[in-house]
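Enquirer: take this sequence and fold it.
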Amino acid sequence: LAAALDGSINHGGAVTVTDSAYTVTELKAIAGGTSGFITLNDTTVALSGDATDLKTIFDENSTAHTGAVTVTDGAYTVAELKAIAGGTSGFITLNNAGVALSGDATDLKTIFDESITAHTGQVTVTDALYTVAELKAIAGGTSGA
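Expert: So this is what the prediction gives:
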C-alpha cells in the first residue's frame, strides 16, 4: 500500500492495512496518498517515529491503536502529542522527555491523562479557564515545573 500510494496518486477512499509489519514511514506514505481513513487490522503494533509523522498517521487513522508509541524527536508540540494521545491507548514514551510544553489546560490534560510516561520538562498553562482536575492531571503527568 505504501508503494502504491506514495507519489502522485490521490486516493479518495478508505484503506485497510491487513498485515502487522507496518512502520511509521509506511503509514505516513499511505496517509499522504489517501484522503480516506486508514484502518489497521492489527492495532497492537508498536510505532516509533517523529511526532509530526505520528500526528499525520493518527489524524487519519480510524482504528483505535492500542500498541506502544515512542516519540523519537525532541521538537514535539502540544498539538502533536494531543493527536498521538487521542489516536492510541498504548503507552507513549518520549525519547526526549525534557521538552518544555505550553498550551491550553484542556489540551495538556488530554496529553497527560493518556499514557505519556515520564515527562520532565516545564509545562506552561496558557489559558485562564483551567480547572483543578486539569491541573491535577498535568501535575501528575510531569515532574517538571
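Enquirer: what is the neighbour count of the nearest residue to Glu26 once chain neighbours are set aside?
Expert: Using CB to CB, 6 or more residues apart in numbering and skipping the chain neighbours, the partner closest in space to Glu26 is Ala2 (3.9 Å). Every residue, glycine included, has its C-beta placed from N, CA and C. When neighbours are counted by other CB atoms under 10 Å, Ala2 registers 17.
Enquirer: what sits against Ala2?
Expert: Thr25, Glu26, Leu27, Ala29, Ile30 (CB atoms under 8 Å, 6 or more residues apart in numbering).
Enquirer: and the nearest residue to Val17 once chain neighbours are set aside, what is it in contact with?
Expert: Excluding its sequence neighbours, the residue lying closest to Val17 (CB to CB, 6+ apart) is Leu40, at 5.1 Å. Leu40 sits next to Thr16, Val17, Tyr22, Asn61, Thr63, His65 when contact means CB under 8 Å, 6+ apart.
Enquirer: quick one: low-confidence parts of the protein?
Expert: By pLDDT under 70, the weakly predicted segments of the chain are 7-9, 114.
Enquirer: repeat that with 80
Expert: For the chain, the stretches flagged by pLDDT under 80 are 1-10, 61-62, 114-115, 117.
Enquirer: so which residues of it form helices?
Expert: With DSSP state H as the criterion, the chain has helices at 2-5, 24-33, 51-60, 78-87, 105-113, 132-141.
Enquirer: quick one: the closest residue to Val78 other than its chain neighbours from Asn41, how far?
Expert: Excluding the flanking residues, the one nearest Val78 by CB to CB, 6+ apart is Gly103, at 3.6 Å. Remark: distance between Gly103 and Asn41 (CB to CB, to the nearest Å) = 34 Å.
Enquirer: of these two, who's got more company?
Expert: Ranked by neighbour count (other CB under 10 Å), Gly103 and Asn41 place Gly103 first, with 20 against 11.
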